[in-house]
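> all I have is the shape, not the residue letters:
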C-alpha cells in the first residue's frame, strides 16, 4: 500500500500510521509529555460562560419538567434527520464545536430500532405521543431488536428475567460499550476511511460464501454507508470532513462529528468517547508552536467540546432510570497512563479536561477517568486529587495492571471496562444476582420474591442451622446454572442486536478484523462473602415461613467481614469470583467472544436489593446491595485503608471487565486543609494501586451535605452536585429519594 501524505499532516512525525490506519503509532510519534503543573491553565472565556449559562437554564427547565425537556415524536433519528442545531440560536457563532443530537438542545430523539414499545413508552412517560403512522410502521412492517429477542426467548429465560436473577439485560435498549475510534475521522478524513473499508470488503470472502463471510460483507457495506452519511451530516453544519483535520479546532470538530454520528444512531447503555486527550493535544501543541492558537483559545475549544459531551441524552423509560440510577450516558473519557516505552502520557490537554470541572463546575459527563500510575508526574497526580476533592467527579483505574492486557491505547467502553481503541468491542451483559443464587441454594430454586420456582426444582436445605459444606456444595450447582442461562441469554441478545440494530457508525471506525470480548458481571458480591463467612465462622439459624422456605436468618456469634483486610473473609470472595468465571468460560459465546466478568454495579444496587430476600449476613430482605466490589454497608470497621486492602486482593485478570470500588470519605479524614488533603489522597491512591487494585471512585464530602441536598434540591449549590456511584457519576438531585437514601447509608470514612 502506498504511503499517504496530506498537507494537513505537515509537522507530524512517523511513517507507519501513514501507511495504515494506526492512530496509536501517530500518537507515540508525536505527543509531548508534560511534567509541569496547572499554572498554564486559563479560566472560562466570555463565550464559554454565555453558552454554559444558557445550557444551565435549559437543564433547570429540564428538571422542572420531570427530567425531559423535549422529545421527538415525528422524526426517526439518523445522522441526517435534522438541520443544524445549536445551544442557543442567538449565540451559535460563539460555539467552537458544533452539533446536536437533534434540532434542539436536550431534545430526546426517537430511536425505535432497539424496541418500538420502549420508544413509545419512554415518550408517553413524559407526556409525548409518537406519531401514529410511525408506530404502525415499526409495529407492522419492521422487526426491532426487542421484538426479535422476546420472540426467541425460552420460558426459562423469561422466568430468570422476571425474577431478576439476571438483571439489566440489554434487550430493550441499545447495548452500547462499543467505542468507535473517533480520532480516525480527524487524522485521516472520511474518504481515506472509506477507501480502507472498500479494500477490506474486496478481500472478505475470497473462498466459500459461508454464513460468517456473508455477514461480514454485509456489515462492511453498512459501515461504508455510515461513513458517507457522516460526511453528509458534517455538511449540514458547513464542514467538509472528507479530508484530515488541518488544525486543533478542526481536529476537535471532526472527532466530535464521529461521536455525534454514534449518538444519533444508537441509544446504547454506554456511549463512551474514548482516549482522545493525548491525541488532541498533538494538534493543539502544533498550533501553539505555529502561533495560530493561544492557550486561552485551546481551553475554550476543550470546554465547548466537553459541554457537548455533557448534553448527550436519550429517551428512556422511568424503569430504566431507576435501574441505572439517574439518567447516565457514560460518555467515558480517559486521561494519562504510561506508554509501552515507559514515557508517561500526561499532556497539557489532560490538565485542560480536568480544568473543565473548574470552568464549568462538576458534572457526571463526560465520565472522566484517570489511568493511574505512581510514576505519573507528581504535579498531575496532585492536580487530579485536588479536582477530586473539590468535585467528586473523577474515577481512577490502575494503568499498571491494565496495560499488560490492553496495551497503551485502550479506552474505557463503559464505566470501568477496557477495550483496545479501534480494535476491539465488548458484548455488554448486565449482572447475575449471586446473592439471590445463594438463597436459591438454600431454598432449592424457589424464588423468595415472586413465590415461584425458578430453574430446576432441587432439594432444599432443611436443617435448623446452616452447614458450610452443604451450602457450598449446593451453591456451586446454582452458580453453574446461573452462568449457563446468563450466557445463553446474552448469546441470543447479541445475535439479534447485530441483526436488527447494528452499530454501523461505531464499527466503521473500528478495524474490520475486530476482537470481541463477552462481558458478564456479578451483583451481591460482598453480601455473599459475608453470608458464607457467617455460616462458616459463626452459627446461622434459619427462620422459615409456613411453607418451609427460608425467609430470615439469626446469627449467633461473630464472624469476619469483607472490607477489614481479613483473609478469612477476603479469600471467600476470591473463591466466589474464580468459581463463577470458570462456570462462564465453560460456555460457548456468540461469535466466539472471549468471556470475561466483572464485580461492577452498572445497574442500581437498590433494584438488586428489591429483588432479594434476607441473607445470612444480616442484610434484611429487599434492602439495597453494596455497589460493585465495595464492602457491605457498616461492615468496614478498620478504616479506609483496611477496606481498600480487601478490595485490592481481587486479581484483575479474573475480572477483566472491571472491579468497581466506590468509597466516600469525609474531607477531614484526609486532613484539616487542602495542603494536607491533596498529598494524603495521592498517597492513598499510590499505595492502593501499587497493591494491584483496579479501580477507585473517590467521593469527598460528608453525609450532612448529602442530607441537605436531598432535603433542599432547589439550592443553587446543588444544581450540579456530582457524586460517584459505581464506575460512573450522577447528579445527586437527579436520583430518586430511595436512591439518595441508599447513597446516604453508605459508609463515609471518618479516618484513614
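Everything's here; your move. Just so it is clear, the model here is predicted, and its values are computed rather than measured. Numbers count the residues shown, from 1 in each chain.
> and stretch 623-641, how far out from the chain's middle?
On the basis of C-alpha atoms, centre = their mean, to the nearest Å, stretch 623-641 is displaced by 21 Å from the centre of the chain it belongs to.
> what mean pLDDT does that stretch get?
Taken as a whole, stretch 623-641 has a mean pLDDT of 90.
> ok, stretch 55-67 next?
Rounded mean pLDDT across stretch 55-67 is 93.
> could you do stretch 426-437 as well?
94.
> let the chain start at 30 from now.
Noted, 30 is the first residue going forward, which turns the last one into stretch 455-466.
> how far does it stretch from start to finish?
Stretch 455-466 has its terminal residues 26 Å apart, counting by C-alpha to C-alpha, to the nearest Å.
> likewise stretch 63-83?
Criterion C-alpha to C-alpha; first-to-last residue distance in stretch 63-83 is 34 Å.
> are we agreed that residue 101 is in a helix?
No. Residue assignment for residue 101, taken from DSSP: H, G, I helix; E, B strand; the rest coil, gives strand, which places it outside any helix.
> and it, how many neighbours?
Neighbours of residue 101 under the rule other C-beta atoms under 10 Å: 24. Placement of C-beta: from N, CA and C, glycine included.
> can you pull the contacts of it?
131, 136, 137, 138, 139, 344 (C-beta atoms under 8 Å, 6 or more residues apart in numbering).
> am I right that residue 409 is in contact with residue 375?
Yes. With contact taken as C-beta atoms under 8 Å, residue 409 and residue 375 are classed as touching, separated by 4.7 Å.
> between these two, which contacts overlap?
Joint contacts of residue 409 and residue 375 (C-beta under 8 Å, 6+ apart) are 63, 365.
> re earlier: just the ones of the contacts of residue 101 in helices?
Among the contacts of residue 101, no member falls in helices (criterion: DSSP state H).
> reformat those residues as JSON lines; add neighbour count, distance to residue 466 and pLDDT.
JSON lines is the format used below for the contacts of residue 101 (neighbours: other C-beta atoms under 10 Å; distance: C-beta to C-beta, whole Å; pLDDT from 0 to 100):
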{"residue": "131", "neighbour count": "20", "distance to residue 466": "42", "pLDDT": "97"}
{"residue": "136", "neighbour count": "19", "distance to residue 466": "42", "pLDDT": "97"}
{"residue": "137", "neighbour count": "24", "distance to residue 466": "36", "pLDDT": "96"}
{"residue": "138", "neighbour count": "25", "distance to residue 466": "38", "pLDDT": "97"}
{"residue": "139", "neighbour count": "24", "distance to residue 466": "38", "pLDDT": "97"}
{"residue": "344", "neighbour count": "26", "distance to residue 466": "34", "pLDDT": "93"}
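> TSV for those, including distance to residue 178?
What follows is the contacts of residue 101, written out as TSV (distance: C-beta to C-beta, whole Å):
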residue	distance to residue 178
131	27
136	28
137	23
138	22
139	20
344	19
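> buried set for stretch 260-272?
Neighbour-count burial for stretch 260-272, counted by 16 or more other C-beta atoms under 10 Å, picks out 260, 262, 263, 266, 268, 270, 271, 272.
> who has more neighbours, residue 409 and residue 375?
residue 375 (30 against 24).
> look at the more buried one and report its pLDDT.
Confidence at residue 375, expressed as pLDDT, is 98.
> how about residue 92, what does it touch?
So residue 92 contacts 762, 763 (C-beta under 8 Å, 6+ apart).
> repeat that for 10 Å
Residue 92 is in contact with 98, 742, 743, 748, 760, 762, 763, counting by C-beta atoms under 10 Å, 6 or more residues apart in numbering.
> hmm, residue 150 and residue 158 touching each other?
No. The pair residue 158 and residue 150 does not pass the contact test of C-beta atoms under 10 Å, sitting 11.2 Å apart.
> buried stuff in the lengthiest helix in the chain?
The residue-count maximum for a helix in the chain (DSSP H) belongs to helix 497-529. The neighbour-count check on helix 497-529 (16+ other C-beta under 10 Å) flags 500-501, 503-504, 506-523, 525-527, 529 as buried.
> can you list the residues that contact the helix or strand just after it?
Tracing the chain C-terminally past helix 497-529 and defining elements by DSSP states H and E, one meets helix 533-536 next. When contacts are taken as C-beta under 10 Å, 6+ apart, the neighbours of helix 533-536 outside the stretch itself are 107-108, 205-211, 226, 248-256, 258-259, 262, 287-295, 297, 300-301, 454, 527, 543.
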